[in-house]
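**Q** Take this sequence and fold it.
(chains A and B)
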Amino acid sequence: MSLSRLARIWPSARRYASHSVNSPAPSFNTVGPYQVFDRNVKCMQRDGAASRNGGEQSRLVDYVRDEVAHRMMERFLARPGHFSKLLEPEKVKKSIMIDSSHATLNRDTDEEFEVEVERRHGDEESLLQIISPNSQEAVVSCLSLHWVNDLPGALVQIKEALQADGLFLGAMFGGDTLFELRTALQLAEVEREGGISPRISPMTDTRDISNLLGRAGFTLLTVDIDEVKVGYPSMWELMEDLGEMGEGNAVIGRRPFIHRDTLAAASAIYKELHGNDDGSIPATFQIGWKPAPTQPKPLDRGTGKVNLKEVL
Amino acid sequence: MNASKIAKDAQTPLKKFAYASTVTCSTQASAYGKCIAASYMDVRRDMCKEEFAKFAECLRTTLKRKW
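**A** Next up, the predicted model:
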């Protein structure tokens, strides 16, 4: 009896369910950072991508991250996480890797490192719950900050986690990343369906990054942009690889489906609008760099305790 | 890899669809894409309806399906 009643109620209840069952319902009584990304969905996507085929597919599409990690190495000769294998033991004693996706974090547990490595599973958005304040000599982030909702808050936490005079080096996707795919999908949706929907994440602009870093209290900032261009046979391979990277769409309020006609239209537009002469299509990944050593500021005038005469 | 080998490998529905839209119907796809690219600054709904109808027709006959 109760079962049949449930069965009757359930279908109508489903009609009111929101499009994403995993995201917490927005609370209108609290003031928090504006939620752009569905962190639960992102975590599921990354877990799924890293555990598919025992991580084989995921390793295959590491090319963007590896390239960025190598470019980061040129800027700073030490890096944890994706690139701990390149850490030099004489410079670094121990490195802690943090990732919100358990499967991604433990994908290559058998990999050999020259330095001591510790893996901690936790949310980047609540960094200070994972590592204690004033404990780190350097914090390095390689392409993980583009899924963070509360970027100012995350940067403040990074600053808090650093010791005095510590260094933060980060790389994140920003600016015009995947603008080819974005424009192709938008044009296809406008022409076929008469409107657009969020398919590609909003990206942080480089200028905003330096403001955010300054606001978080970092000093001696350097921010620059680099571009990685990858050629694909067609839009389909690009989208497949993005999925394997765990970089699928996780914008709150996304439409969870796309019409076949729209997708075909986008593929045709991508090729005609952005395609290379040899028939392949380019995809641009724009990476902003931001080394930011937090350094103690000079003392105020007149607060000196040592007489300069005695020193000289 | 030659074209027939790729076509044989394309087994999943999405792969078949991808193959049809980029290889089998490439002429119609290119005509549609050119129509959009000609005035991509001012795109309106059903602007390239005729071009797309041909493209969609080709996809449907290739995949022997309707949607």
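**Q** Am I right that A:M172 is in a strand?
**A** Yes. With DSSP: H, G, I helix; E, B strand; the rest coil as the criterion, A:M172 is part of a strand.
**Q** separation between A:L105 and chain B?
**A** Separation of A:L105 from chain B (C-beta to the nearest C-beta, to the nearest Å) stands at 29 Å. Using the backbone N, CA and C atoms, a C-beta is placed for each residue, glycine as well.
**Q** for that residue, phi and psi?
**A** As for A:L105, its main-chain torsions (degrees, to the nearest 10) stand at phi -60, psi -40.
**Q** Make sure it is actually in contact with A:G122.
**A** No. Using C-beta atoms under 8 Å, A:L105 and A:G122 do not qualify as a contacting pair, with a distance of 9.4 Å.
**Q** Close to chain A: what parts of chain B are there?
**A** Within chain B, the positions near chain A by C-beta under 8 Å from any C-beta of the partner chain are B:14-15, B:17-18, B:21-22, B:29-30, B:32-34, B:36-37, B:40, B:43-48, B:52, B:55-56, B:59, B:67.
**Q** what about 7 Å?
**A** Among all residues of chain B, those adjacent to chain A (criterion: C-beta under 7 Å from any C-beta of the partner chain) are B:17-18, B:21-22, B:29-30, B:32-34, B:36-37, B:40, B:43, B:45, B:47-48, B:52, B:55-56, B:59, B:67.
**Q** average pLDDT for the helix or strand where A:E56 lies?
**A** A:E56 belongs to helix A:56-60 when elements are defined using DSSP states H and E. The average pLDDT within helix A:56-60 is 86.
**Q** What of stretch A:160-180?
**A** Mean pLDDT, computed over stretch A:160-180, is 87.
**Q** longest helix in chain B, by residue count?
**A** Identified as the longest helix of chain B according to DSSP state H is helix B:49-63.
**Q** ok now that one, how far from the chain's centre?
**A** With C-alpha atoms, centre = their mean, to the nearest Å as the basis, helix B:49-63 stands 7 Å off its chain's centre.
**Q** just stretch A:261-279 next, same as before
**A** Using C-alpha atoms, centre = their mean, the offset of stretch A:261-279 from its chain centre is 27 Å.
**Q** What residues sit buried inside that stretch?
**A** Going by neighbour count (16 or more other C-beta atoms under 10 Å in any protein chain shown), the buried part of stretch A:261-279 is A:261-275.
**Q** What residues does the one residue sitting closest to the centre of chain B make contact with?
**A** Most central residue of chain B, judged by C-alpha distance to the mean C-alpha position with C-alpha atoms, centre = their mean, is B:S21 at 3.2 Å. Under the criterion of C-beta atoms under 7 Å, 6 or more residues apart in numbering or on different chains, the contact list for B:S21 reads A:A264, A:S267, B:A29, B:L59.
**Q** now do 6 Å
**A** A:A264, A:S267 (C-beta atoms under 6 Å, 6 or more residues apart in numbering or on different chains).
**Q** Pretty sure it sits in a helix.
**A** Yes. Secondary structure assignment (three-state DSSP) places B:S21 inside a helix.
**Q** helix, strand or coil for the spatially closest residue to B:F55 that is not a sequence neighbour?
**A** On the basis of C-beta to C-beta, 6 or more residues apart in numbering or on different chains, the spatially nearest residue to B:F55 that is not a chain neighbour turns out to be B:Q28, at 4.0 Å. Recorded secondary structure, B:Q28: helix (three-state DSSP).
**Q** And B:Q28, how close does it get to A:A250?
**A** The spacing between B:Q28 and A:A250, counted by C-beta to C-beta, to the nearest Å, is 34 Å.
**Q** Repeat that for A:D208.
**A** 20 Å.
**Q** Likewise for A:V140?
**A** A:V140 is 23 Å from A:A250, where distance means C-beta to C-beta.
**Q** Quick check: end-to-end length of stretch A:302-312?
**A** When the termini of stretch A:302-312 are compared using C-alpha to C-alpha, to the nearest Å, they are 18 Å apart.
**Q** related to what we said a few turns ago, tell me the one of the buried residues of stretch A:261-279 nearest A:V223?
**A** Nearest to A:V223, judged by C-beta to C-beta, of those is A:H274 at 27.0 Å.
**Q** Which secondary structure element is home to the closest residue to chain B within the stretch 151-300 of chain A?
**A** Checking the stretch 151-300 of chain A residue by residue against chain B with C-beta to the nearest C-beta singles out A:E272 as nearest, at 2.8 Å. Of the helices and strands defined by DSSP H and E, A:E272 is found in helix A:260-274.
**Q** I'd like to know how far the closest residue to A:P202 other than its chain neighbours sits from A:K229.
**A** Beyond its immediate neighbours in the sequence, the residue positioned closest to A:P202 (C-beta to C-beta, 6+ apart) is A:V36, lying 6.5 Å away. For A:V36, the distance to A:K229 (C-beta to C-beta) stands at 26 Å.
**Q** Compare neighbour counts for those two and give me the winner.
**A** Neighbour count, other C-beta atoms under 10 Å in any protein chain shown: between A:V36 and A:K229, A:V36 has more, with 18 against 10.
**Q** residues contacting A:R260?
**A** Contact analysis of A:R260 by C-beta under 6 Å, 6+ apart lists B:W67.
**Q** Now do the residue nearest to A:P202 against A:M44, distance only.
**A** For A:V36, the distance to A:M44 equals 17 Å [C-beta to C-beta].
**Q** can you pull the pLDDT of the one residue in chain B that gets nearest to chain A?
**A** At 2.8 Å from chain A, B:G33 is the closest residue in chain B, using C-beta to the nearest C-beta. The score at B:G33 is 93. That number is its pLDDT.
**Q** and it, how far is that from A:L187?
**A** Following C-beta to C-beta, the distance that separates B:G33 from A:L187 is 10 Å.
**Q** who touches both of the two?
**A** Both B:G33 and A:L187 are contacted by A:I269, under the criterion C-beta under 6 Å, 6+ apart.
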